[in-house]
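Participant: Build me a model:
(one chain, ligands or ions: 1)
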Amino acid sequence: MSVIILGIESSCDDTSAAVIRDGVLLSNVIASQQVHAEFGGVVPELASRAHQQNIVPVVDTALKRAGISKSDLTAIGFTRGPGLLGSLLVGTSFAKGMSLGLRIPIVDVNHLHGHVLSHFIRREENDPVPEYPFICLLVSGGNSQIILVRNYNDMEILGQTIDDAAGEAFDKCAKVMGLPYPGGPHIDRLAAEGDAARFKFAKPHIPGLDYSFSGLKTSFLYTLRDELKNNPDFIEENKADLAASLQKTIIDILMDKLDKAVKQTGVKTVAIGGGVSANSGVRDAVADYCKRRNLTAFIPPRVFTTDNAAMVAIAAYYKYLDRDFCRYDEVPYARVQV
Ligand code: KG4
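Facilitator: Model (predicted):
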């Protein structure tokens with residue numbers, strides 16, 4: 001009999017529901033919240049309220065697009081953390097209520113596992129998936145980690161940021177340039193037109209596989225502050241070159257440690273995930289790197305780079321096969337590691 005999983009994601013500011021049958025995606029619906037744009041960041045209370053408004057129609061649409069009814073579902077997977085607690089409570093409570101109503105199990109999913117496992121979402125029966133072990137570079141607004149993935153439930157963090165995440169470096173520098181939130185996609189767009197060799201920004205010198213982005217942020221800020229003293233139009237006149245140089249520096253930092261991790265572990269497959277893996281430069285750099293070294297690269301379709309319920313459903317699918325269910329007295333967690 002088929003295993004049909006409904007996935008629910010509500011950890012931050014996207015309300016999403018997806019349906020997966022035997023590992024193959026049937027639907028993936030995402031309602032992004034626009035209310036935060038004017039505040040320059042996600043406002044937790046507004047996010048929780050918007051999830052409350054969105055969750056019923058989003059789940060309904062996901063079921064309809066999948067062409068199934070509630071009674072066909074085998075289990076419900078939901079993001080239990082990390083994320084904003086109020087947002088997580090909406091998805092968790094909804095999943096519990098629905099599972100009680102349908103008398104089917106719930107499966108809790110670590111959001112970060114979801115990002116890593118997004119490479120196992122198949123859109124067609126024969127789509128390739130990574131072979132274990134592989135390395136996943138997980139880069140988002142909250143995380144920058146190099147993870148050794150031995151199995152769906154066996155992941156080891158080899159390195160991670162000791163301060164800002166890569167996404168924060170994009171967003172904070174973009175903010176200094178006067179770009180809207182989140183700035184990452186704007187930097188990406190501008191960088192395509194700019195000269196990446198024009199400006200030099202600081203790169204960290206920290207041992208091992210850990211990352212640091214706070215020095216780069218400060219160096220970017222100081223460059224702008226100094227230049228603006230002489231020319232108030234400096235940012236406007238140089239925005240493409242600034243974006244391209246910033247993006248290149250972030251990519252160099254990411255690739256340096258990724259290369260070390262590959263050499264250290266001897267893995268043959270490299271994957272990327274998280275919001276920053278939507279970045280054109282990051283995608284190209286990882287693809288080129290893997291090609292040169294004869295490694296297999298898994299670059300996710302852009303729809304699976306940001307928060308989505310398809311990745312929650314696939315992670316729940318593997319846990320379901322192991323009968324690893326969640327109890328009703330389990331609660332969401334705001335913080336957790338892989
Ligand atoms: O994974 P995600 O949607 O949310 C969490 O942080 O959990 O990642 C959001 C981050 C933001 O920092 C955003 O600026 C960044 O991903 N991002 C990008 C791009 N698209 C999204 N950064 C650089 N280039 C992009 N194209």
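Participant: ok so Leu138 is a helix residue?
Facilitator: No. Secondary structure of Leu138, determined by DSSP: H, G, I helix; E, B strand; the rest coil: strand, with no helix assignment.
Participant: what's around it, how many residues?
Facilitator: Residues contacting Leu138 under the criterion other Cβ atoms under 10 Å number 28. Backbone N, C-alpha and C define where each C-beta goes, glycine included.
Participant: Could you check how far it is from the ligand?
Facilitator: In this structure, Leu138 and the ligand are separated by 9 Å, where distance is defined by Cβ to the nearest ligand atom, to the nearest Å.
Participant: For the longest helix seen in the chain, buried residues please.
Facilitator: Once the chain is assigned using DSSP state H, the helix that runs over the most residues is helix 234-265. Within helix 234-265, the residues that count as buried by 16 or more other Cβ atoms under 10 Å are 234-235, 238-251, 253-255, 257-258, 261-262.
Participant: In terms of secondary structure, what does it contact?
Facilitator: Contact partners of helix 234-265 among helices and strands, from 3 or more Cβ pairs under 8 Å, 6 or more residues apart in numbering; DSSP states H and E: strand 134-139, strand 144-151, strand 154-160, helix 166-176, helix 184-191, helix 214-230, helix 280-292.
Participant: Let me have these in CSV, extended by mean pLDDT.
Facilitator: CSV is the format used below for these (pLDDT from 0 to 100):
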stretch, mean pLDDT
strand 134-139, 98
strand 144-151, 98
strand 154-160, 97
helix 166-176, 96
helix 184-191, 98
helix 214-230, 97
helix 280-292, 98
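Participant: nearest residue to the most centrally placed residue in the chain other than its sequence neighbours?
Facilitator: Nearest to the centroid of the C-alpha atoms of the chain, with distances taken as Cα atoms, centre = their mean, sits Gly274, at 2.2 Å. In space, not counting the residues next to it along the chain, Gly274 is nearest to Ser140; the distance is 3.4 Å by Cβ to Cβ, 6 or more residues apart in numbering.
Participant: winner for burial among the helices and strands packed on helix 234-265?
Facilitator: For these, the stretch with the most neighbours on average is strand 134-139, a mean of 26; neighbours defined as mean count of other Cβ atoms under 10 Å.
Participant: residues making contact with that strand?
Facilitator: 112, 115-116, 119, 144-149, 155, 158, 165-167, 254, 258, 261-262, 265, 267-277, 282, 286, 298, 338 (Cβ atoms under 8 Å, 6 or more residues apart in numbering).
Participant: how near is the nearest residue to Lys70 once chain neighbours are set aside to the ligand?
Facilitator: Take Lys70 and drop its neighbours on the chain: the residue closest to it by Cβ to Cβ, 6+ apart is Leu102, 5.9 Å away. Leu102 is 29 Å from the ligand, where distance means Cβ to the nearest ligand atom.
Participant: and Leu102, what does it touch?
Facilitator: For Leu102, the contacting residues are 70-71, 73, 76, taking Cβ under 8 Å, 6+ apart as the criterion.
Participant: got it, and Val338?
Facilitator: Val338 sits next to 110, 112-113, 116, 138, 145, 147, 155-157 when contact means Cβ under 8 Å, 6+ apart.
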